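Undergrad: Please find the sequence and the predicted model below.
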Amino acid sequence: MAGYATKVKRDIARWVDEGLIEAPLGVRLSEDIERNGGSVVSFGTVLAMMAASLLAAAILIFIASNWEAIPRIARVAMLFLAILAGYLGGAVLKLRGQNAFGEAAWIAGAAAFGGSISLIGQMYHLSGDEAQAVLVWTACTGFAAIALRSGPLTVSAVLLAAGWMIMSAAEDWSATSLPLYYPLVAIALWAISFWTASVAARHLVLLSLFLFALCLYVRNESLDIAAVLAVLSAALFAWSKWYPQAAERLSGMGAGLTVHALIGFLVAMSIFQWALVEEDGFLAASIVTMAGIVAALILAGRDNAVLRWTAYVAFGFQLVFVYLVTVGTMLGTAGFFLVASIALAVLAFLIMRVEKRFAGQSRRVAS
Amino acid sequence: MKRNWLLPAALIVALVQIAVLASMIAGRTAILRNGQDVVLEVQPVDPRDLLRGDYVTLGYNISSLSRDIFTSPENGIEGEHWVFVRLQEGENGIWQPVAARLDTPFEDETPAGQVMIKGMMTDAWRDQERLSVVYGIERFYLPEGQGRQIEADMRQREFRMRVAVAADGTPQIKAFLDGGTMLYEEPLY
């Protein structure tokens, strides 16, 4: 997705050159791309953000390692100044048209805030409840994302939220510590991502929800969770396939939504396979998984290269996994390589056939 | 697009985040200023390596509670539960646990001469005679390079911690004592 805006703008320029569209329309289209490409992250932007985060880290480490030399009130003042400078400086940079550096400065501000929480913890010798601190960090970063309409801050908030969920779960796997209301947090972040036009944040929210389901399963060891995830993923797939307009309105992810539905389905089925590995249900689960992959390929593969390749890779993994579990122990290593080579050859042949067919269909549709 | 909202919005974000941090500091300062002081005996938890990064991990004489002092000892409890513990000053100035209760604070008022402190149980309670509790004061951050010396001293002498306890039971480290001498004292800010 990173190069999408650049690519379309290049195409627009070519169309204008070739006289396909008028120059003013070309300008308007390019502007629209810029406006709505909130999540478009170029390599330069990423570098600027990394630079900003490093700067924030440098400041915090400097303050932390000179802890005793600086009077307390001065340390706190320095932290507050770093936050103020990050956000205000970012706004000034943005107003001057330095978008990437502006966003980077905001990320630095958010990082300084998180670092301040940990330094305050150090100041008062607080222990425990690191997850709680990350939650506060998440909430404040989310607030900043809303107020500044910033895509990168939204992405940061999603990553922090996922980090909070994992940290809470990791504190005690058997206990109640996994935040069961994480889906509500995810919904809130989803809503924020529309306000800030951050498609990347939505991708991460969906992935974090799959991770949440996985944590939930690890905690409860109940296959109901996997079943619910499988059904929900299938429903999401069907919805994005047959009601593309409604799905687009609520997700704005285009064909990406079907890919996520497939990933969710695969996570759910992997849980089933893992849990049933030594039991009778394993083969049934594997058949359902493979059928699901093929169905996804047939139903939505034509115009969706990412989905196709996700499906191919998953199918390859399935073959290896099923083989290892069922006959792998009987044949030994040489046999495994033999079967694997045959399977890979067959898979490659099938992929080429499928790709050719889809390409042919697309051409026919286009002409 | 109109962008004159950007600077005020950035200012508000910065001020809100600073306010959140300031309220954390204010909360801790309030405990230091208004809380009741108790003195606890420091007991090293991990005799091999107390020093982790820039702090030492500490245990206290109240980190492990006997079953006898619980008002309603319940077996089979798992997960995170609050533990409310009443402390009373014993001989040699160390405060000792006299009563404890799970989940909710004591209904009656804390008797004179006692202080209620709040902690969290750390493992499931099945049949064992003692319950482990953490209070959020199990770390002491040290200036760089001083950790090893203190770690060595702690094995030989008795260390104490003066802790301020808020009315709701939240504790806050106030001073680290090497026997009778003050090692570190926390300023308010």
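TA: Done, it's in. Fair warning: this is a prediction, and the values are worked out from it, not measured in the lab. Numbers count the residues shown, from 1 in each chain, chains lettered A, B, ... in the order given.

Undergrad: Tell me which residue lies nearest the centroid of chain B.
TA: B:Ile137 (2.9 Å; C-alpha atoms, centre = their mean).

Undergrad: A helix includes that one, no?
TA: No. Going by DSSP: H, G, I helix; E, B strand; the rest coil, the assignment for B:Ile137 is coil, not a helix.

Undergrad: what residues are up against it?
TA: A:His125, A:Ser127, B:Leu58, B:Tyr60, B:Met161, B:Val163, B:Pro171, B:Gln172, B:Ile173 (C-beta atoms under 8 Å, 6 or more residues apart in numbering or on different chains). Glycine gets a C-beta too; all of them are placed from N, C-alpha and C.

Undergrad: Select the longest helix from the chain.
TA: Answering for chain A, as no chain was given. In terms of residue count, the longest helix belonging to chain A (DSSP state H) is helix A:328-366.

Undergrad: hm, I was asking about chain B
TA: helix B:6-34.

Undergrad: Now it: average pLDDT?
TA: Averaged across helix B:6-34, pLDDT comes to 93.

Undergrad: got any ranges where the chain has weak pLDDT?
TA: With no chain named, the answer covers chain A. Filtered on pLDDT under 70, chain A yields the residue ranges A:1-4, A:34-42, A:63-68, A:171-177, A:327-333, A:362-367.

Undergrad: nope, chain B please
TA: Residue ranges of chain B with pLDDT under 70: B:1-3, B:44-53, B:73-76, B:78-79, B:124-127, B:144, B:180, B:188-189.

Undergrad: Can you pull the residues of it lying near chain A?
TA: Within chain B, the positions adjacent to chain A are B:1, B:3, B:6-7, B:9-14, B:16-18, B:20-21, B:24-25, B:28, B:54-55, B:78-80, B:120, B:124, B:134, B:136-141, B:143-144, B:172-173, B:186-187, B:189 by C-beta under 8 Å from any C-beta of the partner chain.

Undergrad: what about the helix or strand hosting A:Arg75 and chain B, touching?
TA: In the assignment (DSSP states H and E), A:Arg75 maps to helix A:72-95. Yes. Helix A:72-95 reaches chain B (C-beta under 8 Å from any C-beta) through A:72-73, A:76, A:79-80, A:83-84, A:86-88, A:90-92, A:94-95.

Undergrad: Out of those residues, which is nearest to A:Gly44?
TA: Relative to A:Gly44, the closest of the residues of helix A:72-95 next to chain B is A:Lys94; by C-beta to C-beta it sits at 15.3 Å.

Undergrad: Which SSE is immediately downstream of the helix holding A:Arg75?
TA: Criterion used, DSSP H and E; the element after helix A:72-95 is helix A:99-123.

Undergrad: Checking B:Ser72 next. Helix, strand or coil?
TA: Criterion first, three-state DSSP; result for B:Ser72: coil.

Undergrad: and if you look at B:Arg160?
TA: Quick answer, by three-state DSSP: B:Arg160 is strand.

Undergrad: and the nearest residue to it once chain neighbours are set aside, what is it in contact with?
TA: Once flanking residues are discounted, B:Arg160 sits nearest to B:Leu177: 4.2 Å by C-beta to C-beta, 6 or more residues apart in numbering or on different chains. Each residue near B:Leu177 by C-beta under 8 Å, 6+ apart is listed here: B:Val39, B:Phe159, B:Arg160, B:Met161, B:Arg162, B:Leu183.

Undergrad: mind running it again at 10 Å?
TA: Contact partners of B:Leu177, counting by C-beta atoms under 10 Å, 6 or more residues apart in numbering or on different chains, are B:Val39, B:Val42, B:Glu158, B:Phe159, B:Arg160, B:Met161, B:Arg162, B:Leu183, B:Tyr184, B:Glu185.

Undergrad: again, but for A:Trp164
TA: With C-beta under 10 Å, 6+ apart, A:Trp164 has these contacts: A:130-139, A:179, A:182, A:185.

Undergrad: And for B:Asp68?
TA: When contacts are counted by C-beta under 10 Å, 6+ apart, B:Asp68 touches B:Ala99, B:Ala100, B:Glu129, B:Arg130.
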